[in-house]
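> No sequence on hand, only this structure:
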């Protein structure tokens, strides 16, 4: 094929998931792309686009103003967008998928990896693959949970209300313990929260039931995405909320506490340490690689 007859080259993309929380991945190491909200929403559309709960743009921290202040500590910045195109501060499952991509692309090796996010630096530990080729699990230092109040938070679905604990994992969560996960309803729309104004920028809402000692299951409405199969920061918020409900605080006891959290897409292990750090361990998989039609590439480049 001659140069004059060559077809335009489309933009590379990948698709990955962490416990079935799925993402479109767009490599942009030098920060040359402009991906506006409409382009993100179109790419994440499950019927007219690639489909995903969100989009991960892979860019060097030094090449993006949003992460330039972290460039001396982390080479790579996870530019995360919700499926509606809105910006997300942090995504716990997304950062595992982000790290899996970096390893499989040969940009980093297994081991400890600092990742810049809008919620601050996150340290990711990528285990080496097993002898049979099974990808190693990935542990993320999710930072410290904050329980900022206010007291008296409630979430409401279908005329029923439950008390909720306000937990911040770099993004806000309202965690409610219920008798059945069916009580969460359809979760396509955001559950109502009160008091009014408690979450001016929206909130992720988790509904939680007990499965056994230090073992819970959850469903979640993620702001900007609706119900997702998994939420990493949500699982961390749930584990912290469950520990406090159970009268356990590692900062007081001096001992770490671990909870198993079942999500619709699998299982995560959450450990809270005495210094307040919360670690999350789970799988991450790259399932596809491809090339966008050139028309999409033009939309993404913003030209």
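That came in fine, so what should we check first? Just so you know, these numbers come straight off a predicted model, no measurement behind them.
> which stretches of the stretch 101-250 of the chain form strands?
111-117, 120-126, 138-144, 154-157, 160-168, 172-177, 192-194, 204-212, 215-222, 226-227 (DSSP state E, counting those that start in this stretch).
> For the fifth one, buried residues please.
Neighbour counts using 16 or more other CB atoms under 10 Å place 162, 164, 165, 166, 167, 168 of strand 160-168 among the buried residues. For every residue, glycine as well, the C-beta is placed using N, CA and C.
> For residue 254, see how far away the residue most central in space within the chain is.
For the chain, residue 91 is the residue whose C-alpha lies nearest the centre (CA atoms, centre = their mean; 2.2 Å). Residue 91 sits 31 Å away from residue 254, going by CB to CB, to the nearest Å.
> Then residue 20?
36 Å.
> Quick one: residues contacting the residue nearest to the centre of the chain.
Residues in contact with residue 91 (CB atoms under 8 Å, 6 or more residues apart in numbering) are 21, 23, 54, 56, 78, 80, 232, 233.
> show me the contacts for the last one.
Put plainly, it is residue 233. Contacts of residue 233 (CB under 8 Å, 6+ apart): 90, 91, 92, 142, 169, 170, 171, 173, 204.
> Could you do the second one as well?
Residue 23 makes contacts with 15, 16, 17, 52, 53, 54, 55, 56, 91, 93, 94, 97, as judged by CB under 8 Å, 6+ apart.
> Would you tell me what helix or strand it is located in?
strand 21-27 (DSSP states H and E).
> tell me the mean pLDDT over that strand?
The average pLDDT for strand 21-27 rounds to 96.
> Determine the angle, from 0 to 180 degrees, between it and strand 215-222.
Per axes from the mean of the first three to the mean of the last three CA atoms, to 10 degrees, the angle that strand 21-27 makes with strand 215-222 is 60 degrees.
> which is the next helix or strand following strand 21-27?
Downstream of strand 21-27 (by DSSP H and E), the next one is helix 37-44.
> So what's the gap between that next one and the chain middle?
17 Å (CA atoms, centre = their mean, to the nearest Å).
> In that helix, which residues are buried?
39, 40, 41, 42, 43, 44.
> That helix to strand 21-27, inter-axis angle?
120 degrees.
> Which secondary structure state does residue 99 sit in?
What DSSP: H, G, I helix; E, B strand; the rest coil gives for residue 99 is helix.
> wait, what's in contact with it?
So residue 99 contacts 108, 113, 115, 124, 126, 138, 140, 284 (CB under 8 Å, 6+ apart).
> Closest to residue 101 out of these?
The closest of the contacts of residue 99 to residue 101 turns out to be residue 284 (CB to CB; 8.6 Å).
> which parts of the helix or strand of the chain with the lowest mean pLDDT are buried?
Sorting the helices and strands of the chain by mean pLDDT, DSSP states H and E puts helix 294-301 at the bottom, at a mean of 77. Buried residues in helix 294-301, counted by 16+ other CB under 10 Å: 296, 297, 299, 300.
> can you check stretch 53-71 too?
For stretch 53-71, by 16+ other CB under 10 Å, it's 53-62, 64, 67, 70-71.
> Just the pLDDT at the closest residue to residue 30 other than its chain neighbours, thanks.
Once flanking residues are discounted, residue 30 sits nearest to residue 63: 5.5 Å by CB to CB, 6 or more residues apart in numbering. Residue 63 carries a pLDDT score of 97 in this model.
> So residue 63 is in contact with residue 75, correct?
No: in this structure, residue 63 is not within contact of residue 75 by CB atoms under 8 Å, at 10.2 Å.
> about what we covered before: now, among the buried residues of strand 160-168, which is nearest to residue 184?
residue 162 (9.9 Å).
> hey, what's that closest one bridged with?
residue 155 (DSSP bridges).
> ok, it to residue 153 distance?
Residue 162 is 10 Å from residue 153, by CB to CB.
> One more: residue 47?
Counting by CB to CB, the gap from residue 47 to residue 153 is 35 Å.
> out of these two, which sits in the busier spot?
residue 153 (20 against 5; other CB atoms under 10 Å).
> For that one, which non-adjacent residue is closest in space?
Nearest one to residue 153, counting by CB to CB, 6+ apart, is residue 164 at 4.5 Å.
> Check residue 60 too.
Per CB to CB, 6+ apart, closest to residue 60 is residue 29, 5.5 Å.
> tell me the contacts of that neighbour?
So residue 29 contacts 58, 59, 60, 63, 107 (CB under 8 Å, 6+ apart).
> burial count for the last one?
The local packing of residue 107 (other CB under 10 Å) involves 15 other residues.
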